[in-house]
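Asker: sequence and predicted structure, then a few things I'm wondering about:
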Amino acid sequence: MQRELMRALIAGAFVATSSAAMAHHSAAMFDQENPIELVGTVKEFKFTNPHTFVLLEVKDSDGSVTVWTLEGGTPSSLTRDGWTNKSIKPGDEVKMTIAPLRSGAPGGSWSAEHTRFPDGKPIVLSH
Amino acid sequence: MHYRFLLRAIVLAAALSSAMVAAHAFDESKYPDLKGMWRGTGGNKWTPAGQKAPLTPEYQAIYEANLADQAAGGHGTDPTYTCLPPGMPRQMNVYEPMEIVVTAGTTHLLMEHIHDSRRIYTDGRDWPEELEPAFRGHSIGKWIDADGDGRYDVLEVETRGVKGPRSFDSTGLPLHEDNQTIVKEQIYLEKANPNLLHDEITTIDHALTRPWTVMKNYRRVQTKEPIWWRESICAENNPHVRIGKDDYFVSFDGYLMPVRKDQAPPDLKYFKQSQK
């Protein structure tokens, strides 16, 4: 019961801080109420319109690697938060709490607020 | 020969004189200072907190069906995910920063998003018999000196000739499919704070039981640095596609991914393989 309450609180906080970035179209395909944590290696950071993308290589329990396609805010909104196209680069290890696709396919939405280096340090100082 | 020279001189003088009249007609000091970069404040939902959209019963049912579809992972009645422009009035959410350029006959609202820039004609023209529909519609405006101090302070705008599909916002809050929307706006600076701009937007639409007024606000970016405007090309990297009646998400390597649980792949009925 307590664990479910904690999960609901975390999901609520996630939705509250992630929705603004996705607001120009519906983000309904991403399950914001059930966020998951990914730790992996940046394959590519696309600082593009209409959305930025992080392609993240995540090692599965069997040792295989899955590339996650993660849609984020616009370059404009990220720039306002201090990000640039070089804030993360291929080879960087990052920890991200993302809203996964409802289908279970390896895609989802990422946000600057919920992306850190594995030791917990923020990617840019404003977060 | 002499007659031809005289005629040319008269034509040139007339041209110069009309150009000078046009130049004199625009006195920048009579207009509010709207220079700089404006960003929307208060989020992109159309319905203000604590209010309910005044939808007709028919369109309330359409909205609720849309919410059910979105809860399952679809886009419902929100059409912008394929890079269609939001159109009026939604584009006044100002998804990318806005620049306002006031000229003698037109006030331009420039927004790098999905073809969101607007021309508001202030040259005194009237509505034509027919308008070619456009997502942003066609806007006629008039500058008003509301407080009688000799300077314009309010831009009154009416927009007609809008095309669809459109919704008010990403929740899929619908406008009527007949696209007979009329939007009336009053755009003005906050008197006590010239870095705060208001747009009082009244939407008249057959999906609504009454004209619906919503206030949108924009804050001027404060910087001493030169402003560089960013381009925004929606087709550059948009992973959301619609095939048949379903939506899909394109993976990093160009394959379709389902967005809903247990979603079927698209129908390939037109793909016929030659017998070998």
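Answerer: Structure received.

Asker: now whichever residue of the stretch 51-200 of chain B sits closest to chain A, nearest residue through space, not along the chain?
Answerer: Nearest residue of the stretch 51-200 of chain B to chain A, counting by CB to the nearest CB: B:Gln70, 3.6 Å away. Quick note: C-beta positions are derived from backbone N, CA and C, even for glycine. Using CB to CB, 6 or more residues apart in numbering or on different chains and skipping the chain neighbours, the partner closest in space to B:Gln70 is A:Ala28 (3.6 Å).

Asker: likewise A:Ala99?
Answerer: Nearest to A:Ala99 is A:Phe30, by CB to CB, 6+ apart, at 3.9 Å.

Asker: ok, now which ones touch that neighbour?
Answerer: A:22, A:71, A:99-102, A:108-109 (CB atoms under 8 Å, 6 or more residues apart in numbering or on different chains).

Asker: one more time with 10 Å
Answerer: Listed by CB atoms under 10 Å, 6 or more residues apart in numbering or on different chains, the contact set of A:Phe30 reads A:18, A:22, A:70-71, A:98-102, A:107-110, B:73, B:249, B:259.

Asker: may I ask you to name the longest strand in chain B?
Answerer: As assigned by DSSP state E, the longest strand anywhere in chain B is strand B:193-204.

Asker: in which helix or strand would I find B:Asn66?
Answerer: B:Asn66 belongs to helix B:57-71 when assigned by DSSP states H and E.

Asker: packing partners of that helix?
Answerer: Helix B:57-71 sits against no helix or strand, with contacts defined as 3 or more CB pairs under 10 Å, 6 or more residues apart in numbering or on different chains; DSSP states H and E.

Asker: regarding the closest residue to A:Asn49 other than its chain neighbours, what is its secondary structure?
Answerer: Nearest residue to A:Asn49, sequence neighbours excluded (CB to CB, 6+ apart): B:Ser232, at 4.5 Å. Following DSSP: H, G, I helix; E, B strand; the rest coil, B:Ser232 is assigned to coil.

Asker: count of residues packed around B:Ser232?
Answerer: 20 (other CB atoms under 10 Å in any protein chain shown).

Asker: quick check: it touching B:Asp116?
Answerer: Yes. Judged on CB atoms under 10 Å, B:Ser232 makes contact with B:Asp116 at a distance of 9.1 Å.

Asker: shared neighbours, the two?
Answerer: By CB under 10 Å, 6+ apart, the residues touching both B:Ser232 and B:Asp116 are B:95-96.

Asker: ok so, going back, per-residue pLDDT, the residue nearest to A:Ala99?
Answerer: As predicted, A:Phe30 sits at a pLDDT of 95.
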